[in-house]
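Asker: Requesting a structural model of the entry that follows:
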Amino acid sequence: MSCVLAASAVRRREPIGLEVSIAGFRAQNHPQQTGARGARISVDDRQTPPELFDPLNERFGFTIDVAASSTNTRCQRYFTKEDDGLRQSWTGERVWCNPPYSDIGPWVEKAWAEWTTGEVGCIVMLVPANRTEQVWWQKWVEPVRDAPDVDLHVEFLPGRQRFIAPGDFVDMFGRPRGGDIRPPFGCCLLIWSTPSQ
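Answerer: Next up, the predicted model:
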């Protein structure tokens, strides 16, 4: 039975042999969308897949991963949670950042602060594409994204990325193997760079 037929039958209160009720239904956010409780290692410790990172690294030549762990970094040099990339200087670097998705705002604010010093080569940040209603997007991204006189550009990625969790491995073709850790949202890149990059 089509949803349209069922909906029209319910509105007319005609018996159709199927009862559906949404009374008592409570929508729930995905765990990565509930950042008020702070970073959660169970959703934040994910490695960017090589098929996404490698072409970006060729394009931008990253020198440091500012939000990493020893198990998920994609760069030789990186800041761990203990190093606290939010408190470190990014001066002179070409920055890769796959921030903890449970607390993205401080990372976007830090990127702007570092970029405006004029001392950072570029910053590329991988973020969920379904967070445009959140304060960090509305304050730090939406008002200026892709404006002709601003160095922040947004690139939306096709499909949903598959991330690598600790304990997973990458097969000989570079594909993650283990649990299916494809989040229920697409991703986009926030790119702070000059037009020549």
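Asker: List the buried residues in stretch 53-67.
Answerer: For stretch 53-67, burial by neighbour count (16 or more other CB atoms under 10 Å) applies to F53, L56, N57, F60, F62, T63, I64, D65, V66, A67. The C-beta positions use only the backbone N, C-alpha and C, and glycine is treated the same way.
Asker: I figured the second one hits W96, correct?
Answerer: Read it as L56. Yes - A contact is recorded between L56 and W96 when judged using CB atoms under 8 Å, the distance being 7.5 Å.
Asker: And the helices in the chain?
Answerer: In the chain, the helices defined using DSSP state H lie at 3-11, 41-44, 50-60, 105-115, 135-140.
Asker: closest to P128 among the buried residues of stretch 53-67?
Answerer: The shortest gap between P128 and any of the buried residues of stretch 53-67 belongs to A67, at 14.3 Å (CB to CB).
Asker: Contact partners for the closest one?
Answerer: Applying CB atoms under 8 Å, 6 or more residues apart in numbering to A67 gives the contacts F79, G85, C97, N98, P99, P100, W107.
Asker: Ok, E155 next?
Answerer: Taking CB under 8 Å, 6+ apart as the criterion, E155 is in contact with C188, L189, I191.
Asker: low-confidence ranges in this structure?
Answerer: In the predicted model of the chain, residues 1-47, 159-185, 196-197 satisfy pLDDT under 70.
Asker: Now do the strands in it.
Answerer: For the chain, strands defined by DSSP state E occupy the ranges 64-65, 94-97, 122-128, 152-156, 169-170, 176-177, 187-192.
Asker: With distance to Q134 as extra columns, can I get these in CSV?
Answerer: Shown next, in CSV, are the strands of the chain (distance: least, CB to CB, whole Å):
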stretch, distance to Q134
strand 64-65, 23
strand 94-97, 17
strand 122-128, 9
strand 152-156, 14
strand 169-170, 31
strand 176-177, 27
strand 187-192, 13
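Asker: Indicate which one of the ones you listed is closest to D146.
Answerer: Per CB to CB, nearest to D146 of these: strand 152-156, 5.6 Å.
Asker: follow-up on the earlier one: and C75, which of the strands of the chain is closest to it?
Answerer: Proximity of the strands of the chain to C75 was assessed by CB to CB; the nearest stretch is strand 64-65, lying at 4.1 Å.
Asker: what's the closest one in contact with?
Answerer: Counting contacts by CB under 8 Å, 6+ apart, the residues outside strand 64-65 that touch it are 73-75, 77-79, 90, 93-98.
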